[in-house]
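1. Need a 3D model of the sequence below.
(chains A and B)
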Number of protein chains: 2
Amino acid sequence: MTASASLRVLGVDPGLTRCGLGVVDVAKDRRASLVGVGVVGTSADQPLDARLLVIATAIDEWLDRYEPEVVAVERVFSQLNVSTVMGVAQASGVVIAAAARRGIPVALHTPSEVKAAVTGSGRADKDAVTRMVTKILRLDASPRPADAADALALALAHAWRGAAPGSPSAVGRTTTSASAMTEAQRVWVEAESKARRKR
Amino acid sequence: MTASASLRVLGVDPGLTRCGLGVVDVAKDRRASLVGVGVVGTSADQPLDARLLVIATAIDEWLDRYEPEVVAVERVFSQLNVSTVMGVAQASGVVIAAAARRGIPVALHTPSEVKAAVTGSGRADKDAVTRMVTKILRLDASPRPADAADALALALAHAWRGAAPGSPSAVGRTTTSASAMTEAQRVWVEAESKARRKR
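-> Residues are numbered from 1 along each chain as shown, chains lettered A, B, ... in the order given. Predicted coordinates:
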């Protein structure tokens, strides 16, 4: 697989307490591979500046180590718990600025877009998202905690859905014949067509 | 005035459309001097990553140029307009992480704390804050726009109020006799005692 034949995406599920990070390579035939996954956690006992510094340092390390072509970040909504949303937004600001500083394009995706892309339903629960991520990436064990699986789902959803308007284009959507598909790819294509019907 | 005899504070009124930046030196006798003031603006037409990069670059430049001992940032509340608050929080995250990356302490102050510190009333309007900032800093003209004045008010309020718990201590509160006070200092001390009575 050459660099031009696949897209490397870093997905980030931002948060102060737990910030999920997941890197995947997605080939033109949609086959996806896990590159790295993890969670950066900070304690509510720490001052805000220390917490944001931990996240800033981690995102810089991940960008250095994995050199993603695009960073997919969960779009933050104010519908969240009021005391949580500010920290999520502050963490996402740090992540987006870190990517922008390196000239790496940033794409924002809503939680329901990600759920629909990965499971076929925009209202899927966290367990369903984790199960599908595990299946798509052919993992022996589910990524834990849910924030890690969410970050991988974001990265997959970005590569799979194509880019948002104004963002760089994602992996080309080549047609894959059913016979050549792996189980995960078939599930994926089904999920995609389900998601399309819902729109 | 030696470095140890005064405190240099960078105040930041975070925002995506307009981010106010103001630097003051505050001596132990509370006399405050303007060091620098400005506003970084980005357009809502730009993508979020480009906007946050402009703010990240600006804050880095200001930290390099003025080398503040502490950065005072407006504490973001979710009571703001929903569409605005996320951008404000994201911008504040970028600013706080930039300071933390350099080991510069960050103090957060609420808008009402700042208003009370500078005008004596936590419910003062923007014009009153601008007027007092102009007076305290002995400026010939008011800082414009209001975001610039707000950033200076934040910096002044931080130096004047003392530090928040867990933050570095601010300028020592030496007693100033009324006869030795300038007009601005007298107004300031009055505002302080008014603010104290309200608590």
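2. start to end distance for stretch A:12-26?
-> 16 Å (CA to CA, to the nearest Å).
3. roughly how far is it from the heart of the chain?
-> 6 Å (CA atoms, centre = their mean, to the nearest Å).
4. repeat for stretch A:16-31
-> Worked out by CA atoms, centre = their mean, stretch A:16-31 lies 5 Å from the chain centre.
5. buried residues in it?
-> Of the residues in stretch A:16-31, A:16-27, A:29-31 count as buried by neighbour count, 16 or more other CB atoms under 10 Å in any protein chain shown. For glycine as for every other residue, the C-beta is placed from the backbone atoms N, C-alpha and C.
6. what's the answer for stretch A:105-123, then?
-> The neighbour-count check on stretch A:105-123 (16+ other CB under 10 Å) flags A:105-109, A:111, A:113-122 as buried.
7. With stretch A:52-65 instead?
-> Buried residues in stretch A:52-65, counted by 16+ other CB under 10 Å: A:52-59, A:62-63.
8. same check, this time on stretch A:144-156
-> A:146-156.
9. Please, where are all the strands along chain A?
-> With DSSP state E, the ranges of strands along chain A come out as A:6-13, A:18-27, A:32-41, A:70-74, A:106-109.
10. among those, which is nearest chain B?
-> Chain B lies closest to strand A:106-109 among these, at 4.1 Å (CB to the nearest CB).
11. sorry, back to before: so which of the buried residues of stretch A:144-156 is the closest to B:Gly87?
-> Distance to B:Gly87, by CB to CB, is smallest for A:Leu154 among the buried residues of stretch A:144-156, at 20.6 Å.
12. for the closest one, what are its contacts?
-> Contacts here follow CB atoms under 8 Å, 6 or more residues apart in numbering or on different chains; on that basis A:Leu154 touches A:11-13, A:22, A:72-74, A:109, A:114.
13. ok, now A:Ala98?
-> Counting by CB under 8 Å, 6+ apart, A:Ala98 touches A:56, A:59-60, A:63.
14. re earlier: now the contacts of A:Leu154 as a markdown table including distance to A:Ala128 and pLDDT?
-> Below are the contacts of A:Leu154 laid out as a markdown table (distance: CB to CB, whole Å; pLDDT from 0 to 100):
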| residue | distance to A:Ala128 | pLDDT |
| --- | --- | --- |
| A:Gly11 | 17 | 98 |
| A:Val12 | 21 | 98 |
| A:Asp13 | 16 | 96 |
| A:Gly22 | 17 | 98 |
| A:Ala72 | 19 | 98 |
| A:Val73 | 22 | 97 |
| A:Glu74 | 17 | 94 |
| A:His109 | 17 | 95 |
| A:Val114 | 12 | 95 |
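15. Tell me which two in these are the farthest apart.
-> A:Gly22 and A:His109 (13.1 Å).
16. any weak-confidence spans in chain A?
-> A:1-4, A:78-83, A:162-199 (pLDDT under 70).
17. what's the distance between the residue nearest to A:Arg161 when sequence neighbours are not counted and A:Asp25?
-> With sequence-adjacent residues excluded and distances taken as CB to CB, 6 or more residues apart in numbering or on different chains, A:Arg161 is closest to A:Ala117, at 5.0 Å. Distance, A:Ala117 to A:Asp25, by CB to CB, to the nearest Å: 17 Å.
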